[in-house]
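Q: mind looking at a prediction? Sequence and model below.
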Amino acid sequence: MKINIFGRYRSKVIAVAAVIALVLFSAGCATRSAYFKLDPSLQREIQSFGGAQYVPLARLCDVYGLDCKSDDLINTATIQRKSGRIVLRAGSGTILVNGAAKRLERPVVMSGGSLFVPVSFAKNVLGPIIGTAPVEVTPEPAASKTFTIRTIVIDPGHGGRDAGATGRRLRLREKHMALHLAKKVKSILEKSGIKIIMTRDDDTFISLPKRTKIANRDKADLFVSIHLNASRSRFMRGFECYYLSEKADDNTRALEAFEDSSLKGEEWVSAERSKRLDRTLLDMALTENRIESAQLSGYICDAIENSFTIGNRGVRSAGFYVLKYTRMPAVLVEAGYISNRYEELKLKDPDFLDRIAEAIARGILNYKLEYERTERFTRQ
């Protein structure tokens, strides 16, 4: 007589299997991060665009306590928290997460003057910032979380066949004076432990695209371009420091045209093509860097003001090529008017150049100190 043991214990086997399956399932779930649930107050504000669900970015940031600043000039917004930084732009499906490009399932939308983001953005991207969803970005090593300035590119203007401006009285050439001044600034900053990369260290022509390529390739923390100014008016004098902006007056546009005049025709075509292809990422990078560039300009001008070395015309904005295409905070220094006979005479004096170099370097170092103390000014 055969005994069907499985038949006799079938119910017990099934019960044990069910318990094991439940335990395994529970264990598996325990290893998964909590699912991001949209706050109920936002459910009522969901709108549909192109068949997809969107929420207003401003309300999303308010609910989760995120600092969100918008730049109406280029319709971008920056979401900031100590643990991360996100930059996005209306009409784009690409965002920057801690400086790295990331694709969204749906593009950001502008409606009624407000930015809207897809609900999937809140669930899949804000997690690393808010801390309630799986972290998709690989955490950086602990040492790299502290914002520091280690490498600066110093860019002596002009060079080689591009002489820049020429003085009226002593016929000083801008390309030579800019290089002398840049080397002095380099020496001071290196004594403070900063790595300095020069775009040129002799009388060599370096194209504008190559200058920006050097800075971007070496992933510099700051870019400082050094020039001497010129004007049709022999009475114009003083120190100026520029950061990037497309808004400029006629005098600034004339200066931009002069400083960018070394670009060859094919370089302009290449630059414009690149600008069209990468406009979204470029605009977002500019949003990231514009505030810091303006702050750096302010620190340099403050140091000049306190040095009583030269008249200070202050912080200004312009669309210089080297400021447009560098991917880090960048400024362009105009260290006096070589077209002014009085200032040209002073620029001939090595001691005067030393004092200007010391003031520029002190401004950079003061900015570095505050930048690192406040962790990229995020606490302000």
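A: Perfect, thanks for sending it.
Q: contacts, neighbours, all on C-alpha from now
A: Fine.
Q: what about Asp302, distance to Thr309?
A: Using C-alpha to C-alpha, to the nearest Å, one obtains 12 Å as the distance from Asp302 to Thr309.
Q: revised request: answer the last question for Ser293.
A: Relative to Thr309, Ser293 is positioned 23 Å away (C-alpha to C-alpha).
Q: likewise for Cys241?
A: Distance of Cys241 to Thr309, computed by C-alpha to C-alpha: 15 Å.
Q: neighbour count winner among these two?
A: In terms of neighbours (other C-alpha atoms under 10 Å), Cys241 is the more surrounded of Cys241 and Thr309; the figures are 28 against 18.
Q: wait, Leu323 touches Val333, no?
A: No: counting by C-alpha atoms under 8 Å, Leu323 stays clear of Val333, with 11.3 Å between them.
Q: quickly find the element holding Met236.
A: When elements are assigned from DSSP states H and E, Met236 belongs to no helix and no strand.
Q: what number of residues lie near it?
A: Every residue meeting other C-alpha under 10 Å relative to Met236 is counted, giving 16.
Q: my guess is it meets Ile338, correct?
A: No: counting by C-alpha under 8 Å, Met236 sits too far from Ile338 to count as a contact (9.6 Å).
Q: what helix or strand does Ala303 sit in?
A: With secondary structure defined by DSSP H and E, Ala303 is part of helix 279-307.
Q: within the sheet, what are the partner strands of whichever helix or strand comes after that helix, with directions?
A: Proceeding N to C from helix 279-307, the next assigned helix or strand is strand 312-318, under DSSP H and E. Strand partners for strand 312-318, identified by DSSP bridges, are recorded as strand 239-244 (parallel).
Q: poorly predicted segments of the chain, please.
A: Segments of the chain classed as low confidence (criterion: pLDDT under 70) are 1-37, 72-74, 82-83, 127-146, 246-288, 375-380.
Q: contacting residues around the spatially most central residue of it?
A: Centroid-nearest residue in the chain, with C-alpha atoms, centre = their mean: Asn289, separated by 3.1 Å. Shown here is Asn289, whose contacts under the criterion C-alpha atoms under 8 Å, 6 or more residues apart in numbering are Arg327, Met328, Pro329, Ala330.
Q: Ile226 now?
A: Counting by C-alpha under 8 Å, 6+ apart, the residues that Ile226 touches are Ile154, Asp155, Pro156, Gly157, Ala178, Leu181, Ala182, Leu332, Val333, Glu334, Ala335.
Q: for Thr204, which non-adjacent residue is closest in space?
A: Gly160 (4.3 Å; C-alpha to C-alpha, 6 or more residues apart in numbering).
Q: quick one: the one you found and Glu190, what's the gap?
A: As defined by C-alpha to C-alpha, Gly160 lies at a distance of 26 Å from Glu190.
Q: ok, now Arg171?
A: Arg171 sits 31 Å away from Glu190 when distances are taken as C-alpha to C-alpha.
Q: do the same with Asp155
A: As judged by C-alpha to C-alpha, Asp155 and Glu190 stand 15 Å apart.
Q: okay, those two: which has more neighbours?
A: Using other C-alpha under 10 Å as the criterion, Asp155 and Glu190 rank with Asp155 on top: 28 against 13.
Q: sec struct for the more buried one, please.
A: For Asp155, the secondary structure call by DSSP: H, G, I helix; E, B strand; the rest coil comes out as strand.
Q: bridged to it, which residues?
A: On the basis of DSSP bridges, Asp155 is bridged to Ser225.
Q: residues contacting it?
A: In this structure, Asp155 makes contact with Ala182, Met198, Thr199, Arg200, Arg211, Phe223, Val224, Ser225, Ile226, judged by C-alpha under 8 Å, 6+ apart.
Q: can you tell me, leaving aside adjacent residues, what's nearest to the third one?
A: If I follow you right, that is Thr199. With sequence-adjacent residues excluded and distances taken as C-alpha to C-alpha, 6+ apart, Thr199 is closest to Asp155, at 5.1 Å.
Q: and stretch 333-342, how far apart are its ends?
A: The first and final residues of stretch 333-342 sit 19 Å from each other (C-alpha to C-alpha).
Q: got the contact list for it?
A: The list of residues contacting stretch 333-342 from outside it, by C-alpha under 8 Å, 6+ apart, reads 165-169, 172, 174, 224-232, 234-242, 310, 343-344, 347, 356.
Q: how does this structure divide into domains?
A: Domain segmentation of the chain under automatic domain parsing yields 40-143, 146-373.
Q: most tightly packed of those domains?
A: The highest mean neighbour count among the domains of the chain, using mean count of other C-alpha atoms under 10 Å, belongs to domain 146-373: a mean of 19.
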